[in-house]
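Asker: sequence plus predicted model, see below.
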Amino acid sequence: MIICSWNINSVRMRENLLLELINSLNPDVIFLQEIKCQNVEFPSIEGINKYNLVIKGEKGKYGVAILIKKKFEFQEINFDSGIFQSEARICGLKIKNNLNLHLINIYAPNGNPVESKEKFTFKIKWYGELHKIIKELIDSKTNIILAGDFNVLEHPDDVQDFDRWQKDALGHISTRKKFREILHSGLTNIVRLFYNPGEIYSFWDYQKASWERNYGLLIDHFLLSPKLSGIVEKIFFEKEYRNKQKPSDHIPLWIKLSI
């Protein structure tokens, strides 16, 4: 089973790249973040018709979606309460199989500037609410795949000059603590099983020739519950997608499970 995650940074602007990814990888499930469209505006392109869609859209910004092959029977998870109501940043589904697999796709708030109590406080509260949900699922022995754009620099080597990021919302100690609370609930960060910190990035800014200088950040992750982390065969970062025409500033990453 192949599950892919990608902050596509506008699905309508990059529907050709999404189609290319579908045709080349043929993933069973695709998590998309920052789709930047309402549900009804999600493009109907060739290749998507073999997927069912779970979309949490918003006009012009944010937005997440899960594409899942029609062979899977599933039930959508409702996240329309509390802090998750205000912005379209989370969606999920339960696959009805012997694993009772819960898939949760997130686009975490950026939180900058830190001096803005409104934005940074929202990010910390959002992470706190996510932690509660994940802990409840883990405590009930649920099999979870939590993936997406976490907007956090968990390790100092997830960027080349971490010192200057410690006052940024991505590298701030409060953000990193919230991310680790989720990990300590009982999830495994799959990237760390296959790569040492500093070996791989998932995001390169459009500005300051970041791609050309390989000035990247690792902010996209797959976090899995114990039973699932033991059946991951590989994780792969589709780095060439950052070099495509009109690319997203993030690249797709995917895992292969032996199920």
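Answerer: Nice, thanks for sending it over. Residues are numbered from 1 along each chain as shown.

Asker: quick one, what contacts residue 90?
Answerer: Contact analysis of residue 90 by C-beta atoms under 8 Å, 6 or more residues apart in numbering lists 56, 64, 79, 84, 104, 105, 106, 107, 130. Every residue, glycine included, has its C-beta placed from N, CA and C.

Asker: same thing but 10 Å
Answerer: When contacts are counted by C-beta atoms under 10 Å, 6 or more residues apart in numbering, residue 90 touches 33, 56, 64, 77, 79-80, 83-84, 104-108, 126, 129-130, 133, 146, 148.

Asker: just the ones of those residues in strands?
Answerer: When strands are assigned by DSSP state E, the members of these inside them are 33, 56, 64, 77, 104, 105, 106, 107, 146, 148.

Asker: just the buried residues of the contacts of residue 90.
Answerer: Of the members of the contacts of residue 90, the ones counted as buried by neighbours, 16 or more other C-beta atoms under 10 Å, are 33, 56, 64, 77, 79, 83-84, 104-108, 126, 130, 133, 146, 148.

Asker: ends of stretch 209-229, how far apart?
Answerer: One end of stretch 209-229 to the other measures 36 Å (C-alpha to C-alpha, to the nearest Å).

Asker: that one: which residues count as buried?
Answerer: 210-211, 216-225, 228-229.

Asker: likewise for stretch 48-62?
Answerer: 48, 51, 52, 54, 55, 56, 57, 58, 62.

Asker: and for stretch 89-97?
Answerer: For stretch 89-97, by 16+ other C-beta under 10 Å, it's 89, 90, 91, 92, 93, 94, 95.

Asker: tell me the contacts of the closest residue to the first one other than its chain neighbours?
Answerer: Closest residue to residue 89 apart from its sequence neighbours, by C-beta to C-beta, 6 or more residues apart in numbering: residue 107 at 4.7 Å. Under the criterion of C-beta under 10 Å, 6+ apart, the contact list for residue 107 reads 7, 31-35, 56, 62-64, 87-91, 148-151.

Asker: please apply the same query to residue 17.
Answerer: Contacts of residue 17 (C-beta under 10 Å, 6+ apart): 6, 8, 11, 238, 241, 244, 245, 246, 247, 248, 252.

Asker: what's the answer for residue 37, then?
Answerer: Contacts of residue 37 were listed using C-beta under 10 Å, 6+ apart, and they are 10-13, 43, 55, 57-63, 65, 88.

Asker: out of those, the closest to residue 174 would be?
Answerer: Residue 174 lies nearest to residue 62 out of the contacts of residue 37, by C-beta to C-beta, at 21.6 Å.

Asker: surely the closest one and residue 55 touch.
Answerer: No - counting by C-beta atoms under 10 Å, residue 62 does not reach residue 55; the two are 11.9 Å apart.
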